[in-house]
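1. below: sequence and its predicted model.
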Amino acid sequence: MPKRNKPSRAGVAFFDTQADRLSKLYGCKQSHFDRLRLFTERIGRIVPQGGAILDFGCGPGVMSVALAESGYRVVGLDAAPNMIEFALAEAERAGNTNATFRVIDGDDRALGASQYDAILCSSVIEFVEDESTLLDSLAAALVPGGTLFISVPNGRSVIGAARDWAGRILHLDKLPGRRYRRHSLRTYSVSRLSMALRSAGLELMSRTYFESPIPGRIGVGLSRLSLLGTMMLFVARKPDPVEDGCDPRPSEVESFQQARVIR
Ligand SMILES: C[S@@+](CC[C@H](N)C(=O)[O-])C[C@H]1O[C@@H](n2cnc3c(N)ncnc32)[C@H](O)[C@@H]1O
């Protein structure tokens, strides 16, 4: 039985209506502009030009197209068909053939093995029931030495907690810009996400806090503080036994196996 990570029907139906709104946020909201800059800048620092990148849960494809325009080969996957329609139109408008997009139906086998130099997974796993299955599949899809860039809601953010509390009391989750909260299954602490990444076999390299409801540059500055930023970006690496200098020679593997049998 293949492992499946399909988001809830209600979740897909909801995201199917959000492509236009979400893509516009990147053009008009400082916090979304900062998110785009943060991801593209971090990826540009680590992933060599021309590398293969998977944008898992790509939404309207804003990040995928931006990365394709910087010379990466990008595959964008999303469960919501309208998001993919929108992303295809965006790539066509930009005249970029370095980005391809596909609907993914929740079957992780579609991700393949050792295919990507980097994977970006921005604001997706909090909507997925079985996070460990998804992280295992993302880790498997990375080449050895590849990098995962993943963002999640920061459960320790005072601003996030106040916003959620006010949202519940004032029923703000009914507002168009807040309805996504109903489909979000969890927030994360640093230790929870670190542990989940380690269990998937990935090594944590860095983390950065971002996003806040405070507008403008001041909001962006404050969002870098751990108690204020409502989101966290983790960068994690898949170990490369050859490059990391611990590639076991076949003879060593054999003697290790023999040693295990003897004991
Ligand atoms: C909040 S949006 C983020 C979109 C984009 N990554 C960004 O940061 O702009 C979450 C996206 O994840 C997609 N998604 C959620 N669960 C998914 C799953 N199991 N498989 C594929 N896509 C999924 C949704 O359809 C939606 O487009």
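-> Noted; the coordinates are in hand. Numbers count the residues shown, from 1 in each chain.
2. ok, and for the lengthiest strand in the chain, which residues are buried?
-> The strand spanning the most residues in the chain, taking DSSP state E as the definition, is strand 142-153. Neighbour counts over strand 142-153 (16 or more other Cβ atoms under 10 Å) mark Leu142, Val143, Gly146, Thr147, Leu148, Phe149, Ile150, Ser151, Val152, Pro153 as buried. Yep, even glycine has a C-beta here, placed from its N, CA and C like the rest.
3. for the residue of the chain found nearest the ligand, give me its contacts.
-> The chain approaches the ligand most closely through Gly59 (2.6 Å), counting by Cβ to the nearest ligand atom. Going by Cβ atoms under 8 Å, 6 or more residues apart in numbering, Gly59 touches Phe15, Gln18, Ala19, Leu22, Ser23, Asp78, Ala80, Met83, Ala87, Ser122.
4. quick one: classify it as helix, strand or coil.
-> Using DSSP: H, G, I helix; E, B strand; the rest coil, the three-state assignment for Gly59 comes out as coil.
5. re the thing from before, intersect the contacts of Gly59 with the contacts of the ligand.
-> Filtering the contacts of Gly59 for neighbours of the ligand using Cβ under 6 Å from any ligand atom leaves Phe15, Leu22, Asp78, Ala80, Met83, Ser122.
6. which of the residues you listed sits closest to Phe210?
-> Ser122 (10.6 Å; Cβ to Cβ).
7. quickly list what the closest one is bridged to.
-> According to DSSP bridges, Ser151 are recorded as the beta-bridge partners of Ser122.
8. contacts only, for it.
-> Arg35, Phe39, Asp55, Gly57, Gly59, Met63, Phe149, Ile150, Ser151.
9. distance of the last one relative to Leu202?
-> The reference is to Ser151. Taking Cβ to Cβ, to the nearest Å as the measure, Ser151 falls 15 Å from Leu202.
10. picking that back up, so can I have CSV of the buried residues of strand 142-153 showing pLDDT and distance to the ligand?
-> What follows is the buried residues of strand 142-153, written out as CSV (pLDDT from 0 to 100; distance: Cβ to the nearest ligand atom, whole Å):
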residue, pLDDT, distance to the ligand
Leu142, 98, 17
Val143, 97, 21
Gly146, 98, 18
Thr147, 98, 17
Leu148, 98, 14
Phe149, 98, 11
Ile150, 98, 10
Ser151, 97, 7
Val152, 97, 11
Pro153, 95, 10
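11. widest-spaced pair of these?
-> Pairwise over those, using Cβ to Cβ, the maximum falls at Val143 and Pro153, 28.6 Å.
12. enumerate the residues of the stretch 1-150 of the chain near the ligand.
-> Selection of the stretch 1-150 of the chain residues close to the ligand by Cβ under 6 Å from any ligand atom yields 5-7, 15, 22, 57-59, 62, 78-80, 83, 104, 106, 122-124, 127-128.
13. filter those residues to the buried ones?
-> Applying 16+ other Cβ under 10 Å to those flags 5, 7, 15, 22, 57-59, 62, 78-80, 83, 104, 122-124, 127-128 as buried.
14. out of those, which sit inside helices?
-> Among those, the ones falling in helices (DSSP state H) are Phe15, Leu22, Val62, Met83.
15. from these, pick the one nearest Arg182.
-> Phe15 (11.8 Å).
16. show me what contacts the closest residue to that closest one other than its chain neighbours?
-> Spatial nearest neighbour of Phe15, chain neighbours left out: Ala80 (4.1 Å); criterion: Cβ to Cβ, 6 or more residues apart in numbering. Residues near Ala80 by Cβ under 8 Å, 6+ apart: Val12, Phe15, Asp16, Gln18, Ala19, Gly59, Val103.
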